[in-house]
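Q: sequence and predicted model, in that order:
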Amino acid sequence: MTRVAFYAPMKPPTHPVPSGDRAMGRAILQALEHGNMDAELVSTLQTVDKQGCRDIQTRLLAQAEREATRLITLGQHSNWQVWITYHSYYKAPDLVGPVVAAALKLPYFQIEATRARKRLTGPWAAFAQAAEAASDAADVIFHLTQRDALALRAYQAPHQKIIHLPPFLPRVNLPPQSLCEGAMLSVGMLRHGDKIASYELIADTLKRLKTPDWRLVIAGDGPALNAVASIMGPFGARVEMRGSLDAEALEKEYSNASLLFWPGVNEAFGVTYLEAQAAGLPVVAQDRPGVIDVLAPGQYPRPEQGPEALAQELDALLRHPDERAGRGRAARDHIAAHHLISGASTILCTAISEVLA
Ligand SMILES: CC(=O)N[C@H]1[C@@H](OP(=O)(O)OP(=O)(O)OC[C@H]2O[C@@H](n3ccc(=O)[nH]c3=O)[C@H](O)[C@@H]2O)O[C@H](CO)[C@@H](O)[C@@H]1O
Ligand SMILES: O=P([O-])([O-])O[C@@H]1[C@@H](O)[C@H](O)[C@@H](O)[C@H](O)[C@@H]1O
């Protein structure tokens, strides 16, 4: 059994708050296990600076140095063969993996690392340089979206492999299929920034709906609860905010919904699109980089077409149950063909075995 040291500097898979990156971190651990690899979460240190603050970065760089020293000692008595880091980028660089991997002579893999050269100067300079150096040190980088591949290929280190790993759900089979007959569903944690931008667009769209008796259920919770509640206030009981749901409750919501409505403002790709489509829900989203990589083939309105185009899409689907069911089936087939654990596990484990051979 290949022994893998796993690390996610943004958020460990054991963190209590749901998010897409936590879901992907967990899914990767399961994909390694599925491929008969013995993966161990070796550190829970979060090296995250969301503000662009030199003091935070200096403090975390020092903490990471101590963590790397601890792991080098630990690694001398563990027989790790490979190091994998999930999601290193300029706001949450991997400050630990490259140091430990070099000291222990382990191949160093990154999954969903992104390069952002324009951040090499400015408030994130120290972290951006560290993220860039970590990517330079990687033997293999797996990219989840085509957009990420552009910069990774442009600055690819000599002998580095860059491999496409389509985002995936940690399951072999599909969940129960929705009849596509309930309320519309939006799933997104209630955060300021990109999430609230999607919620604002949702509200602007709902105002324009011509369908008389629509309903929307929202799953998610977080610091922007009051802001989202006030954005949705004008719709009264038609919008029902359910709070943060666990996996089982969320699966029930997917199977009770008629469609998923999530515009996807600045999403890297959106785990909820995978979850909803797996349940056979048609998705109303905008055609955005990353997002389009995980949506079933079809026509999606461009961002510049605004809420009017989204409202037309929703009205058309709400009016035509057969269209909803047909698009839902296509979405489900798309997930089964491209975004489940077996394919991902093969891609990951083959690349690891090749490097170790
Ligand atoms: C703004 C942004 O860039 N977001 C990215 C972020 O995830 P981010 O956390 O923003 O969003 P996602 O939509 O990917 O995932 C949300 C996750 O939270 C879970 N959930 C949600 C509501 C709830 O009540 N209960 C619950 O468990 C969902 O099941 C899902 O697994 O990292 C992911 C991995 O790179 C990307 O796919 C997202 O695009
Ligand atoms: O706040 P939290 O849910 O622990 O962590 C969150 C991350 O998991 C998420 O992917 C990111 O986009 C948010 O800005 C936030 O940092």
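A: The structure has been received and is ready for your questions. Ligands and ions are numbered 1, 2, ... in the order given.
Q: distance of Gly264 from ligand 2?
A: 13 Å (CB to the nearest ligand atom, to the nearest Å). (C-beta placed from N, C-alpha, C; glycine too.)
Q: part of a helix, is Gln110?
A: No: Gln110 is assigned strand when assessed by DSSP: H, G, I helix; E, B strand; the rest coil, not a helix.
Q: residue contacts, it?
A: Counting by CB atoms under 8 Å, 6 or more residues apart in numbering, Gln110 touches Ile84, Thr85, Tyr86, Ser88, Asp94, Gly97, Ala134, Ser135, Ala138, Val140, Ile141, Phe142.
Q: check Phe235 too.
A: Ala203, Leu206, Leu216.
Q: could you dump the top helix by length along the chain to PDB, C-alpha only?
A: Counting residues, the longest helix in the chain under DSSP state H turns out to be helix 54-77. The C-alpha coordinates for helix 54-77 follow below in PDB (Å, rounded to 0.1, in the frame of the first residue of the first chain):
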ATOM      1  CA  ARG A  54       2.000  41.400   5.900                       C
ATOM      2  CA  ASP A  55       1.900  40.700   9.600                       C
ATOM      3  CA  ILE A  56      -0.500  37.800   9.200                       C
ATOM      4  CA  GLN A  57       1.800  36.400   6.500                       C
ATOM      5  CA  THR A  58       4.900  36.800   8.600                       C
ATOM      6  CA  ARG A  59       3.300  35.100  11.600                       C
ATOM      7  CA  LEU A  60       2.000  32.200   9.500                       C
ATOM      8  CA  LEU A  61       5.400  31.800   7.700                       C
ATOM      9  CA  ALA A  62       7.100  31.400  11.100                       C
ATOM     10  CA  GLN A  63       4.400  28.900  12.300                       C
ATOM     11  CA  ALA A  64       4.800  26.900   9.100                       C
ATOM     12  CA  GLU A  65       8.500  26.700   9.600                       C
ATOM     13  CA  ARG A  66       8.000  25.100  13.000                       C
ATOM     14  CA  GLU A  67       5.300  22.800  11.600                       C
ATOM     15  CA  ALA A  68       7.700  21.700   8.800                       C
ATOM     16  CA  THR A  69      10.400  20.900  11.400                       C
ATOM     17  CA  ARG A  70       7.900  18.800  13.300                       C
ATOM     18  CA  LEU A  71       6.800  16.900  10.200                       C
ATOM     19  CA  ILE A  72      10.400  16.300   9.100                       C
ATOM     20  CA  THR A  73      11.100  14.600  12.400                       C
ATOM     21  CA  LEU A  74       7.700  12.700  12.200                       C
ATOM     22  CA  GLY A  75       8.400  11.700   8.600                       C
ATOM     23  CA  GLN A  76      11.700  10.100   9.500                       C
ATOM     24  CA  HIS A  77       9.700   7.500  11.400                       C
END
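Q: no further questions, thank you.
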